[in-house]
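[1] Test case, fold it:
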Amino acid sequence: LETRRRRKDGSLVEVQLATSPIILNGKRIGAYASYRDISEQKRAEELNAAMYAIAARSQSAEDLQQFYASVHNIVGQLMYTRNFYIAIYDPQSQLLSFPYFVDEADATPEPKRLGRGLTEYVLRSGEPLLATPEVFDDLVGRGEVELIGAPSLDWLGVPLKSGATTLGVLVVQSYSEHVRFGERDREILKFVSQQLATAIEHKRYEEALRRSEARYRSLILSAVFGIYRCTLGGRFLEINPALVTMLGYGSVEDVLKLDARRDVYLNPQEIDRLTDEYQRTGTLNGVEVQWKHKHGHTITVRLNGRAASSAEEPEEILELIAEDITERRQLEEQFRQAQKMEAVGRLAGGVA
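    Numbers count the residues shown, from 1 in each chain. Take a look at the predicted model:
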């Protein structure tokens, strides 16, 4: 039985309770009971569920505002999020905006130039920050930050990163002595931020493409995801620079010369699988394939796209977005291995 028990200090602990009877001369005279602390296991399960929920909402939400609200709800199931906001920095306009802002003390700030607030500090450092009153006073004393808005008791912010680039900051804060943040909250928010940053970036490009077909070409060329057009047989027709970088080649022309079946796909039969999937559903949504990098290693790529009909093109053409998820899959595998090792360790401890 999985249940909760209260510690001496009043906090609750997730436990697994197992019992067995004590039999003497055919009579039950008592029972053995054992408790196993499964708090970390439950936390890992919750984080996994949150990760997949965010990924699912990024695909189904109509716009970013709806998506941000969904993320707020998902994170709220893991920790205290009564005061929660997302700040995004636009390097072109050099403005920091707050597309999602829920706070009991402050109104939503207008887009602004970078200042000396805690949000900007996380943007500059690229590192998570738990600003307790003591930490905040120290930062103020060193001239790193200044008070902006209502003073909170605890302020916890983590960067939203895409590679080495910090897109923005995810923040929760508390104004109550009854709610204090700790290391566990920081790890939860940091884990969620990795999924959120990827989803935000993906969603931003999707929304931008819908808003303005006139800016199609410039967005394609500057996209961080690989975007390309190809035949049903996989032959590349047009590609963007991000796809060139993803495959490790030096120019667009180098990639256009490739035979996709032989030079790109690790398993040539995957092209046939993609064709069957498209013909069956009319789209490709989140299909994962293995590609060969120019330097010999394999990358895992997720493809999303649809057909692009045109009177000038006699055969069916696919327009696809390719996202390199190799690192994410490696992290998931490491996470699973860590869970297995933890289970083995617990089993060994139980046997001992």
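[2] Next, count neighbours for the closest residue in space to Arg204 that isn't next to it in sequence.
    Nearest residue to Arg204, sequence neighbours excluded (Cβ to Cβ, 6 or more residues apart in numbering): Leu64, at 7.0 Å. Heads up, the C-betas are built off the backbone N, CA and C, glycines and all. Leu64 has 19 neighbours, counted by other Cβ atoms under 10 Å.
[3] Kindly report the same for Tyr32.
    Neighbours around Tyr32, by other Cβ under 10 Å: 9.
[4] Equivalent analysis for Asp63, please.
    Asp63 has 11 nearby residues by other Cβ under 10 Å.
[5] which residues does Glu238 contact?
    Contacts for Glu238 (Cβ atoms under 8 Å, 6 or more residues apart in numbering) come out as Tyr228, Arg229.
[6] Any idea what it is bridged to?
    Per DSSP bridges, residues listed as beta-bridge partners of Glu238: Arg229.
[7] Am I right that Ser20 is in contact with Tyr32?
    Yes. Ser20 is within contact range of Tyr32, at 5.1 Å (criterion: Cβ atoms under 8 Å).
[8] Low-confidence bits of the chain, can you list those?
    58-62, 207-222, 309-314 (pLDDT under 70).
[9] That one: strands as residue ranges?
    2-6, 12-24, 27-37, 84-90, 95-102, 129-131, 154-162, 165-174, 226-231, 236-239, 283-292, 298-307, 317-324 (DSSP state E).
[10] Could you work out which of the ones you listed reaches nearest to Ser70?
    strand 95-102 (10.4 Å; Cβ to Cβ).
[11] Alpha carbons of the closest one, as PDB, please.
    Output of strand 95-102 as PDB, limited to C-alpha atoms (Å, rounded to 0.1, in the frame of the first residue of the first chain):
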ATOM      1  CA  LEU A  95      13.100  44.400 -24.400                       C
ATOM      2  CA  LEU A  96      12.200  42.100 -21.600                       C
ATOM      3  CA  SER A  97       8.500  41.300 -21.700                       C
ATOM      4  CA  PHE A  98       6.200  39.300 -19.400                       C
ATOM      5  CA  PRO A  99       3.800  37.300 -21.600                       C
ATOM      6  CA  TYR A 100       2.500  35.400 -18.600                       C
ATOM      7  CA  PHE A 101       2.300  37.100 -15.100                       C
ATOM      8  CA  VAL A 102       0.200  36.000 -12.100                       C
END
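[12] Can you list the buried residues in it?
    Using 16 or more other Cβ atoms under 10 Å as the test for burial, strand 95-102 gives Leu96, Ser97, Phe98, Pro99, Tyr100, Phe101.
[13] among those, which two are most distant?
    Leu96 and Tyr100 (13.4 Å).
[14] thinking again about what came up before, rebuild the strands of the chain as TSV, extending it with distance to Thr119.
    Below are these laid out as TSV (distance: least, Cβ to Cβ, whole Å):
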stretch	distance to Thr119
strand 2-6	36
strand 12-24	33
strand 27-37	36
strand 84-90	5
strand 95-102	7
strand 129-131	10
strand 154-162	6
strand 165-174	5
strand 226-231	31
strand 236-239	37
strand 283-292	32
strand 298-307	31
strand 317-324	28
